[in-house]
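> Here is the input, now give the coordinates:
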Amino acid sequence: GRVLKLLIKMMQDPEASIRTNALICVGRVSTQLPNASITPTLMTVIGMGLKDPFSPCRCAALQTLSATSNSFSAEDLAGKLLPGVCHRLIDPDPAV
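From the prediction side, this is the model:
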């Protein structure tokens with residue numbers, strides 16, 4: 001629990017690379033998280049990552065969502081995550 005809170009807090013760090021790496025880290029350790037923590041934690045960090053001003057962080061959010069999509073219900077994907085993904089379809093950075 002404490003590590004997850006720290007990783008979520010890192011998503012607010014002023015240093016863009018720390019935010020990006022925190023998001024990647026949460027995605028990689030998600031298979032080791034308690035079942036009750038997986039979905040809310042991933043939704044929080046992916047949602048924050050999709051809105052991040054740093055384009056590599058937005059890319060990492062999309063990659064993490066792709067890698068962990070089986071952790072979400074259809075309702076969570078359609079109602080909470082895909083709206084953020086749709087905004088990335090018109091991202092100013094073509095790499096996203």
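
> All the helices of the protein, in order from the start?
For the chain, the helices defined by DSSP state H cover 2-10, 16-29, 35-50, 55-68, 74-76, 82-88.

> which stretch among the ones you listed comes nearest Ala95?
With Cβ to Cβ, the closest approach to Ala95 among these belongs to helix 55-68: 6.1 Å. All C-beta spots, glycine's among them, are computed from the backbone N, C-alpha and C.

> Contacts made by the closest one with the rest, please.
Contact with helix 55-68 is made by 16-17, 19-20, 23-24, 26-27, 30, 42, 45-46, 48-50, 52, 81, 84-85, 88, 91, 93, 95-96, as judged by Cβ atoms under 8 Å, 6 or more residues apart in numbering.

> Give me the buried subset of those.
19-20, 23-24, 26-27, 30, 42, 45-46, 48-50, 52, 81, 84, 88, 96 (16 or more other Cβ atoms under 10 Å).

> Next up, the contacts around Ser37.
1, 4.

> quick one: it from Leu23, how far?
Going from Ser37 to Leu23 by Cβ to Cβ, to the nearest Å gives 16 Å.

> Touching, Leu7 and Ile24? I think so.
No. Shown here, Leu7 and Ile24 do not form a contact pair, counting by Cβ atoms under 8 Å, at 10.2 Å.

> first to last residue in stretch 67-79, what's the distance?
For stretch 67-79, the first-to-last residue distance is 19 Å (Cα to Cα, to the nearest Å).

> go on, stretch 27-36?
15 Å.

> Just the buried positions in that stretch, please.
For stretch 27-36, by 16+ other Cβ under 10 Å, it's 27, 30, 33.

> of those residues, closest to Gly1?
Leu33 (9.7 Å).

> tell me the contacts of that closest one?
Per Cβ under 8 Å, 6+ apart, neighbours of Leu33: 4, 41.

> Tell me how far it lies from Leu89.
Applying Cβ to Cβ to Leu33 and Leu89 gives a distance of 29 Å.

> ok, now which ones touch the residue nearest to the spatial centre of the chain?
Centrality entry for the chain: nearest residue to the mean C-alpha point is Ile46, 1.8 Å, by Cα atoms, centre = their mean. Contacts for Ile46 (Cβ under 8 Å, 6+ apart) come out as 23, 61, 64-65, 68, 81, 84.
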